[in-house]
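Colleague: Sequence first, then the predicted structure:
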Amino acid sequence: MQYQAQGKIGKYNQQSYDRSAEVLEGQATQIEQKAEFDIAQFNKEYYRLTGQVTTGLAKSGVQVGTGSGANIALSNAYEAKLQENLIKYNSQVAAANKREEASFARIKGVMARQQAKLAQIGTVVNAGTTLLTVGGGPKPTTNNLGSFGNRGPGMQGYGGGASY
């Protein structure tokens, strides 16, 4: 009965760790999807701000697409690309960390299952040892004299205490 319980516990623990791994992998996917959303939101805001800058430059008399206006637009585009790359990089690192946690959860599950198997082996060995010692296996002896081998000094005869 203990053997079966140990097996069930090992399977349950492994399934639990596997479920944790699935959740962590789901979180990694969510992180990647959130990054795509964040980039889309950033681009939306970037294009809105670019329009405002272009309008502001045109109102102030700066010719858009040349000179200072072109330098500002180029600088903003460069910063936007850096920000987009930063969002992607951070999400990739976070997703990779979640996937690594998932791998460790699976490893812990396998270890839990192996520990249960070792406990089962220990149960079988202990049961076998108990059967050998209780069920008629070889009995330990101290000498070949039986009960007469423990006579104290001065004791004579075969009865252990009385002399005839």
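Modeller: Right, received. Where do you want to start?

Colleague: Which secondary structure elements does the worst-scoring helix or strand of the chain on mean pLDDT sit against?
Modeller: Least confident helix or strand of the chain, by mean pLDDT, DSSP states H and E, is helix 67-134 with a mean of 90. For helix 67-134, the packing partners by 3 or more C-beta pairs under 8 Å, 6 or more residues apart in numbering; DSSP states H and E come out as helix 2-59. C-beta coordinates here come from the backbone N, C-alpha and C atoms, glycine included.

Colleague: Now do the helix it packs on and helix 67-134, the angle between them.
Modeller: 180 degrees (axes from the mean of the first three to the mean of the last three C-alpha atoms, to 10 degrees).

Colleague: Give me the mean pLDDT for helix 2-59.
Modeller: Mean per-residue pLDDT for helix 2-59: 92.

Colleague: so what does it touch, helix or strand wise?
Modeller: Against helix 2-59 (3+ C-beta pairs under 8 Å, 6+ apart) you get helix 67-134.

Colleague: for the helix it packs on, the distance to its chain's centre please.
Modeller: 7 Å (C-alpha atoms, centre = their mean, to the nearest Å).

Colleague: What of stretch 61-73?
Modeller: The mean C-alpha position of stretch 61-73 is separated from the chain mean by 55 Å, C-alpha atoms, centre = their mean.

Colleague: Quick one: residues in contact with that stretch.
Modeller: T50, V53, T54, L57, A58 (C-beta atoms under 8 Å, 6 or more residues apart in numbering).

Colleague: how about 6 Å then?
Modeller: T54, L57, A58 (C-beta atoms under 6 Å, 6 or more residues apart in numbering).

Colleague: try stretch 27-38
Modeller: I87, S91, A94, A95, K98, R99.

Colleague: tell me which residues of stretch 51-64 are tucked away?
Modeller: Residues of stretch 51-64 classed as buried: T54, L57, V62 (neighbour count, 16 or more other C-beta atoms under 10 Å).

Colleague: Can I get the residues you listed in TSV including distance to I9?
Modeller: Shown next, in TSV, are those (distance: C-beta to C-beta, whole Å):
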residue	distance to I9
T54	67
L57	71
V62	74
